[in-house]
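Novice: all I have is the shape, not the residue letters:
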């Protein structure tokens, strides 16, 4: 069985929200990574606090509304109470939460890094097909092509050559420009065809 190499995508920040501020001319809000909680009798409301990038005006994104306090898991309630950063990020990246609030995220505002083994260190193996697993806990609309270009060290033109050779499988299908990554996605690359694309017309060996 061939070795599976890991490509780990790490977001550096949560996405901005596309929202017009009612205090200034800004159209973006950032996540403050804090929660607001309001309990009334046996019900509780919980919001994730956002602030305008310019004037710091607040917008509260609804997480729970008129929810029975006892229906919330004790651990989750504690994380809300303590303004747990990891929990804030989970909701800030949640498409379901954005849908409930009828609001759109600006994914282009998300900066990220990808931890991966340099392809030169892998390509000299005897494996005919290189297999990679993408780990990306947060969904921010990142295109598979962007990940492949970074991790395989390819220009857009070289990646196009590779796809034209049917050398890349993404979720067991030919890679397409519209493909966006999800956590756990598998990428398979034909090693010999990748070497040919690297060498180009010069025939120079890969260093």
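Specialist: Yep, that arrived. Note that the coordinates shown come from a computational prediction; the quantities given were computed from them, not determined experimentally. Numbers count the residues shown, from 1 in each chain.
Novice: quick one: low-confidence parts of this structure?
Specialist: Residues of the chain that meet the criterion pLDDT under 70 lie in 1-2, 200-207.
Novice: max-length strand in it?
Specialist: In the chain, ranked by residue count with DSSP state E as the criterion, the top strand is strand 28-40.
Novice: now it: buried residues?
Specialist: Residues 28, 29, 30, 31, 32, 33, 35, 36 are the ones in strand 28-40 that count as buried (16 or more other Cβ atoms under 10 Å). The C-beta positions use only the backbone N, C-alpha and C, and glycine is treated the same way.
Novice: roughly how far apart are the residue of the chain positioned farthest from its centre and residue 119?
Specialist: Largest separation from the mean C-alpha position in the chain: residue 41, at 38.6 Å (Cα atoms, centre = their mean). Distance, residue 41 to residue 119, by Cβ to Cβ, to the nearest Å: 60 Å.
Novice: roughly how far does the nearest residue to residue 111 once chain neighbours are set aside sit from residue 109?
Specialist: In space, and not counting its chain neighbours, residue 111 is closest to residue 12: 4.3 Å by Cβ to Cβ, 6 or more residues apart in numbering. With distances taken as Cβ to Cβ, residue 12 is found 11 Å from residue 109.
Novice: give me the more crowded residue out of these two.
Specialist: residue 109 (16 against 8; other Cβ atoms under 10 Å).
Novice: isn't that one right up against residue 31?
Specialist: No. Residue 109 is not in contact with residue 31 according to Cβ atoms under 8 Å; the separation is 10.7 Å.
Novice: all helices of the chain, in order?
Specialist: 74-81, 85-92, 95-100, 144-152, 156-164, 191-199 (DSSP state H).
Novice: so which of these gets nearest residue 57?
Specialist: For the helices of the chain, proximity to residue 57 was assessed by Cβ to Cβ; helix 85-92 is nearest, at 17.9 Å.
Novice: and the closest one, what does it pack onto?
Specialist: Helix 85-92 is packed against strand 28-40, strand 43-52, helix 74-81, with contacts defined by 3 or more Cβ pairs under 8 Å, 6 or more residues apart in numbering; DSSP states H and E.
Novice: out of these, which is closest to residue 182?
Specialist: Taking Cβ to Cβ, strand 28-40 is the member of the helices and strands packed on helix 85-92 nearest to residue 182, at 21.8 Å.
Novice: re the thing from before, dump the helices of the chain to a markdown table, plus mean neighbour count and distance to residue 135.
Specialist: Below are the helices of the chain laid out as a markdown table (neighbours: other Cβ atoms under 10 Å; distance: least, Cβ to Cβ, whole Å):
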| stretch | mean neighbour count | distance to residue 135 |
| --- | --- | --- |
| helix 74-81 | 13 | 23 |
| helix 85-92 | 17 | 16 |
| helix 95-100 | 13 | 19 |
| helix 144-152 | 20 | 11 |
| helix 156-164 | 15 | 21 |
| helix 191-199 | 17 | 21 |
